[in-house]
Structure formats: C-alpha cells, structure tokens
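# Compute the structure for the input listed below.
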Amino acid sequence: MKAAVYYETGPPSVLKYEDVPDPVCGPGDVLIDVEAVSIEGGDTLNRGGGELSSVPHIVGYQCAGTIAQVGADVADRTVGQRVVCSSFEGSHAARRVVPSIVTWVVPDGLDIVEAACVPIAFGTADDCLFEFGHLQPGETVLVQAGASGVGLAAIQLAHRHGATVLATASSDEKLERLREFGLDHGINYVDADFAAKARELTDGRGVDLVVDSVGSTLVGSVQALAYRGRCTLVGQAGRDPQPFDAWSLMGQNLTITGVFFGAEIITDRVQAMVARHLDAVASGELRVVVDRAYPLAEAADAHAYLESRQAFGRVVLVP
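Alright, predicted model coming up:
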C-alpha cells in the first residue's frame with residue numbers, strides 16, 4: 001500500500017510517499033481502507049519530534065474509511081461498514097489496522113471526510129468544556145485558537161449549551177467567520193492583549209472558563225479568569241512553552257486541569273459521546289469545517305500548510 005512515512009523526525013519535508021507492507025489484522029482488530037485522514041495537531045508534533053515506533057514510521061491519529069476485514073474476535077463490526085477511528089499512529093496510509101473499540105460507525109448520509117474530523121476535535125472540546133471544565137449555562141468561556149478544529153468544535157458546543165463565547169484568532173477575518181458558529185465576542189491576539197480584552201468584554205470580571213489548546217498562552221489564560229475560574233489545558237501546539245508561576249492561582253482560587261482525550265477514549269462515556277457528535281454533524285446540528293484537502297502524496301505540503309496557521313478548520317488528506 002501507499003503511505004506518507006518518515007525515517008527521522010523533523011520539518012514537514014521529512015514526509016515521503018512510499019510503498020509499505022499492508023498492516024496485518026489481529027483478532028480484535030479491523031482493517032480499514034482509508035478514504036480520508038484528518039491531520040491533528042498531535043500528528044505535526046509527533047512528526048516534528050516524537051518517538052518512532054518503527055522505521056519508516058507512519059504518523060497519524062485519525063482517519064475514516066470502509067472496513068475491509070474484521071478480526072476473529074470482533075463481533076460488533078462487519079466488512080463494508082463505514083467507520084471513523086482514532087489511535088496513536090498509522091492514519092497517513094491507504095490502509096490501517098486498529099482495535100475495533102476505537103472505531104465508530106459513520107451515520108448514513110454523513111460525508112466520510114466530515115466524519116474523519118469528528119472524534120478528536122469534538123471529543124476533546126466536549127471534555128474541556130464539560131467533563132473537566134464544568135461549564136454551566138449562562139457562564140462565559142474563552143476559547144483559544146477559535147479557528148482550529150478543537151476551537152470550532154468548542155465554540156459550537158459552548159454556544160449550544162447556553163454560554164457566552166469569546167475566542168481568539170489571528171485575524172479579524174477569521175473572527176468574523178466564527179460568528180456563524182456561535183461566537184459572541186472575538187479577540188484578535190495579534191492586535192490586542194487577549195487577557196486584558198477578555199476582562200474588558202466581561203466588564204472587568206473575567207471569564208469562568210478558558211479552553212487552551214495552545215499552551216504558550218497559559219499565563220494569559222489564567223489572567224483572563226474570573227474569581228474561582230477554571231482553565232482546561234489540552235495542548236502545546238508546537239510553540240515554545242512559557243514560564244508559569246503556580247502562585248498566580250492562589251489569590252483568586254483558580255484551577256488548571258490538564259486534559260488528554262486519548263486517556264478516556266475507550267470508556268463507555270466517550271464512546272457514547274463521540275457517537276452523539278457524529279449524529280449531530282450528520283443532522284446538521286453541528287458543523288465540520290474543512291479548509292483544504294490534499295492528496296496523501298502531498299502530505300508534506302499539507303503539514304506545512306497546517307503549521308503556517310492559515311487554516312480555518314481542518315486540513316485533510318485523501319489517499
């Protein structure tokens with residue numbers, strides 16, 4: 001099969017389009033003919049400096065396609081079903097083997113490219129807002145990197161829940177586009193101190209919750225919080241970390257919670273939650289935004305575009 005592989009970590013140019021052996025389907029696995037790959041932030045981080053479990057290495061968390069084979073112990077999936085899956089590596093390929101428990105059946109009528117973008121973005125946003133962020137209707141939330149996959153999902157979910165939604169982005173154009181997804185107040189972080197602006201927009205009070213998928217923004221995220229505010233930290237986004245003084249939490253009784261969606265992915269809670277989000281996207285209640293789709297052979301260009309921070313929504317590969 002064809003795959004985007006690399007032999008050493010580094011910039012997008014390390015990705016090569018090559019023939020590799022087909023993966024082998026084990027007893028608890030399914031073999032998927034991949035039709036769409038959602039490039040996740042973790043994919044670029046792993047390519048840039050993660051561990052190589054094999055050489056050549058196939059990176060990638062999430063993809064969708066059609067089941068071509070099921071393992072002997074698999075009873076809940078069948079050949080021919082359309083599924084989306086999330087696992088730690090292997091998405092950037094024409095075929096992929098994953099345990100059946102990390103697959104979700106794609107609802108009838110849902111485009112396979114949109115399905116490929118749902119579990120991590122919407123699942124992470126849901127966990128940051130509700131499971132760990134404890135967001136309540138009527139509260140105020142600041143979403144960092146609002147035009148990212150997680151950001152767009154978080155804006156929609158928070159708006160649907162009855163929260164007032166603030167978000168940061170790098171341009172006024174992006175912020176204007178976010179309004180149709182439920183954004184109430186946009187903050188251009190290039191032109192303004194986002195923490196000060198968040199306080200201004202909340203009459204000096206601050207926000208109840210920050211969803212921070214950037215990491216280097218953590219100091220400002222904490223500064224934007226109201227008394228007893230919460231921050232859910234879910235990523236580093238490849239940027240240099242900044243020093244953080246934990247004493248800054250104490251005067252205002254603030255809370256930071258680290259969130260890793262992958263640690264909960266096989267729980268009954270997350271299995272049901274992702275299925276609900278797939279249904280909501282299929283019905284049009286929630287929306288997936290795909291900025292660009294590249295052939296798998298152009299994975300290096302796709303990674304470079306995602307890292308340029310120009311994208312509004314997801315960047316997808318098509319084998």
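# ok, the residue located most distally from the centre of the chain to Val210 distance?
Among residues of the chain, the one most distant from the C-alpha centroid is Gly251; the distance is 32.3 Å, by CA atoms, centre = their mean. From Gly251 across to Val210, the span is 17 Å (CB to CB, to the nearest Å). Every residue, glycine included, has its C-beta placed from N, CA and C.
# Show me the helices in the stretch 101-250 of the chain, by range?
Using DSSP state H, counting those that start in this stretch, the helices found in the stretch 101-250 of the chain span residues 112-116, 119-126, 149-160, 172-178, 194-201, 218-223.
# Low-confidence stretches in the stretch 51-200 of the chain?
For the stretch 51-200 of the chain, applying pLDDT under 70 flags no range at all.
# still on that earlier bit, so for Gly186, which of the helices of the stretch 101-250 of the chain sits nearest?
The closest of the helices of the stretch 101-250 of the chain to Gly186 is helix 172-178. By CB to CB, the value is 3.1 Å.
# Report all helices and strands that the closest one contacts.
Helices and strands touching helix 172-178, by 3 or more CB pairs under 8 Å, 6 or more residues apart in numbering; DSSP states H and E, are strand 164-169, strand 185-188.
# what's the domain layout of this structure?
2-117+288-318, 120-262 (automatic domain parsing).
# Can you lay out these as JSON lines showing distance to His277?
Converted to JSON lines, the domains of the chain look like this (distance: least, CB to CB, whole Å):
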{"stretch": "domain 2-117+288-318", "distance to His277": "9"}
{"stretch": "domain 120-262", "distance to His277": "4"}
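# Which residue comes closest to Ala72 once chain neighbours are left out?
Sequence neighbours aside, Pro27 is the residue nearest to Ala72 in space, at 4.8 Å (criterion: CB to CB, 6 or more residues apart in numbering).
# er, Val190 actually
Ser170 (5.5 Å).
# follow-up on the earlier one: OK, contacts around the residue nearest to Ala72?
71-74 (CB atoms under 8 Å, 6 or more residues apart in numbering).
# Most neighbours among the residues you listed, please name it.
Neighbour counts for the contacts of Pro27, by other CB atoms under 10 Å, peak at Val74, which reaches 20 neighbours.
# quick one: that one is in a helix?
No - per DSSP: H, G, I helix; E, B strand; the rest coil, Val74 lies outside any helix segment and is coil.
# Contacts only, for it.
Per CB under 8 Å, 6+ apart, neighbours of Val74: 27-30, 100.
# JSON lines for the residues you listed, including secondary structure and distance to Tyr294?
Listed next are these as JSON lines, based on DSSP: H, G, I helix; E, B strand; the rest coil; distance: CB to CB, whole Å:
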{"residue": "Pro27", "secondary structure": "coil", "distance to Tyr294": "35"}
{"residue": "Gly28", "secondary structure": "coil", "distance to Tyr294": "32"}
{"residue": "Asp29", "secondary structure": "strand", "distance to Tyr294": "27"}
{"residue": "Val30", "secondary structure": "strand", "distance to Tyr294": "25"}
{"residue": "Ser100", "secondary structure": "helix", "distance to Tyr294": "29"}
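# Sounds good, over and out.
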